[in-house]
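> could you work out the structure for the sequence below:
(one chain, ligands or ions: 1)
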Amino acid sequence: MHCENMLGGSVWLCQNRCVVLLDGSLIDAGVVVRPLVRADGDALMRYLSADPEIARWTRIPWPYTRGHLRGFLDQVERWRSGATDLVCAITLPEDDELIGCCGVHRIGEASPARSSLLANEIGYWLGAAHRGRGVMQQAIGLLSRYALADLAIPELNLQTKVGNAKSQNVARALGYRFVRTVAASEVDDDDSDHDRFVMNRADYEAARGPLVAIAPERSAP
Ligand SMILES: CC(C)(COP(=O)(O)OP(=O)(O)OC[C@H]1O[C@@H](n2cnc3c(N)ncnc32)[C@H](O)[C@@H]1OP(=O)(O)O)[C@@H](O)C(=O)NCCC(=O)NCCS
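Numbers count the residues shown, from 1 in each chain. This is a model prediction of the structure:
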């Protein structure tokens, strides 16, 4: 199999597919973004079964059950081995405990017709106790930079349900640009109207300065 190491070793192309999307942690002063693993299951269950606000604004089911969790963790493993979607835990630097989740979906695909989940779409949620401190801005700042610079995704999509002002604040603060409202009637798999935002290199650089690749930090073997 022909393999080519791209961009400082963080992305490998094998037969034109990336086989490792994120091999390490993305770290900023106040936050760490690293691949989600099965051991995050208990923390995921605690947050997602306790806070209907997360399900209200995302595609996560409510009430959230152990069956949902098992299905999600299996799906994350399939996504990881197929290198189609990157799902990450958000943690604080002082410990490795999941406090939220973020990801990029349908990486490198064309957006399917009449689907609410676009290609190269970012999603996220944060545990209630950690909101209002800029943690998510930092996490999505890291993930967006990684996706644009290291994964070389030309344009990221981000959609919020109409009325999700908190999430739109995060998007706008990072340089995501509002495109339009997508009505539920335009898709077959979602009952909500969504506000669609995008960010490319120029948007990122206008908001945050030069886009530079991140070297993920690998823990010692
Ligand atoms: C969307 C969501 C992640 C936003 O969380 P958040 O805590 O508001 O986002 P951040 O962690 O970036 O914090 C930003 C807030 O902290 C404040 N803040 C405090 N210190 C800050 C700092 N140093 N830097 C940046 N912001 C700071 C900001 O003013 C902002 O508050 P405001 O929106 O009232 O102005 C959270 O509300 C959530 O998980 N909701 C449920 C799920 C959801 O909606 N997911 C998104 C689907 S599209």
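
> V76 should be in a strand, yeah?
No. Counting by DSSP: H, G, I helix; E, B strand; the rest coil, V76 is not part of a strand but helix.

> contacting residues around it?
Listed by Cβ atoms under 8 Å, 6 or more residues apart in numbering, the contact set of V76 reads 36, 87. Any C-beta I mention is one placed from the backbone N, CA and C, and that applies to glycine too.

> any idea of the pLDDT on it?
Looking at V76, its pLDDT is 98.

> do A215 as well
On pLDDT, A215 comes in at 89.

> ok, it to the ligand distance?
Going from A215 to the ligand by Cβ to the nearest ligand atom, to the nearest Å gives 24 Å.

> swap in A139?
A139 sits at a distance of 8 Å from the ligand (criterion: Cβ to the nearest ligand atom).

> does that residue really touch A29, like I thought?
No. Using Cβ atoms under 8 Å, A139 makes no contact with A29, being 12.0 Å away.

> more neighbours: which of those two?
Comparing A139 with A29 by other Cβ atoms under 10 Å, the one with more neighbours is A139, at 27 against 6.

> how about the residue nearest to L117 when sequence neighbours are not counted, what does it touch?
The shortest distance from L117 to any non-neighbouring residue, by Cβ to Cβ, 6 or more residues apart in numbering, is to H105 (6.1 Å). Going by Cβ under 8 Å, 6+ apart, H105 touches 84-85, 117, 120-123.

> go on, P35?
Here P35 is in contact with 21-22, 80, 86-89 (Cβ under 8 Å, 6+ apart).

> secondary structure and neighbour count for those residues - can I get that in JSON lines?
Formatted as JSON lines, the contacts of P35 follow (DSSP: H, G, I helix; E, B strand; the rest coil; neighbours: other Cβ atoms under 10 Å):
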{"residue": "L21", "secondary structure": "coil", "neighbour count": "25"}
{"residue": "L22", "secondary structure": "coil", "neighbour count": "24"}
{"residue": "R80", "secondary structure": "helix", "neighbour count": "19"}
{"residue": "L86", "secondary structure": "strand", "neighbour count": "24"}
{"residue": "V87", "secondary structure": "strand", "neighbour count": "23"}
{"residue": "C88", "secondary structure": "strand", "neighbour count": "27"}
{"residue": "A89", "secondary structure": "strand", "neighbour count": "24"}
